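Student: Return a 3D structure for these sequence lines:
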Amino acid sequence: MTENPIISLILLLLDLYQWVVIAAVIASWLVVFHVVNVANPFIRQVLRALDALTEPVFRQVRRVIPPFGGIDLSPLIVLIAIWFLERVVIWLAFRAGML
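Tutor: Predicted coordinates for the structure are as follows:
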């Protein structure tokens with residue numbers, strides 16, 4: 001999409017983190033509905049990795065917007081923020097003549 005490697009790297013990292021957030025949400029659902037066995041060492045390691053990557057960001061969102069009626073909206077807010085940041089990066093790069 002872009003010829004500037006810095007812009008491309010930023011957009012790639014934002015896209016990758018978006019997929020990590022989606023994977024963390026799906027993994028949490030699989031645990032809640034007892035689809036995966038958390039006693040399995042590999043599953044436990046994957047869940048810890050996803051938690052380590054997403055929980056610090058989710059925690060910051062939860063400080064501002066607590067769970068609403070038992071529903072945690074922090075992943076949705078993070079995905080919206082990623083979408084917004086991608087658009088800002090593209091807009092700034094376009095304005096600076098990098099695109």
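
Student: Spatially central residue in this structure, please.
Tutor: Nearest residue to the geometric centre of the chain (CA atoms, centre = their mean): Val21, 3.2 Å.

Student: got the contact list for it?
Tutor: Thr54, Pro75, Val78, Leu79, Ile82 (CB atoms under 8 Å, 6 or more residues apart in numbering). C-betas here are computed from N, CA, C, even on glycine.

Student: Assign the fourth one to helix, strand or coil.
Tutor: In other words, Leu79. Of the three states, Leu79 takes helix under DSSP: H, G, I helix; E, B strand; the rest coil.

Student: any idea how far it is from Ala39?
Tutor: 30 Å (CB to CB, to the nearest Å).

Student: okay, those two: which has more neighbours?
Tutor: More crowded of Leu79 and Ala39, by other CB atoms under 10 Å: Leu79, with 15 against 7.

Student: Find me the pLDDT at the more buried one, would you?
Tutor: On the pLDDT scale, Leu79 is placed at 98.

Student: Can you verify my assumption that it contacts Gln18?
Tutor: Yes - contact criterion CB atoms under 8 Å: Leu79 and Gln18 qualify, at 6.3 Å.

Student: Which stretches in this protein count as helices?
Tutor: Taking DSSP state H as the test, the helices found in the chain are 5-32, 41-64, 74-95.

Student: mean confidence score for the first one?
Tutor: It refers to helix 5-32. On average, helix 5-32 scores 96.

Student: Now that helix: buried residues?
Tutor: Neighbour counts over helix 5-32 (16 or more other CB atoms under 10 Å) mark Ile7, Ile10, Leu11, Tyr17, Val20, Val21, Ala24, Val25, Ala27, Ser28 as buried.
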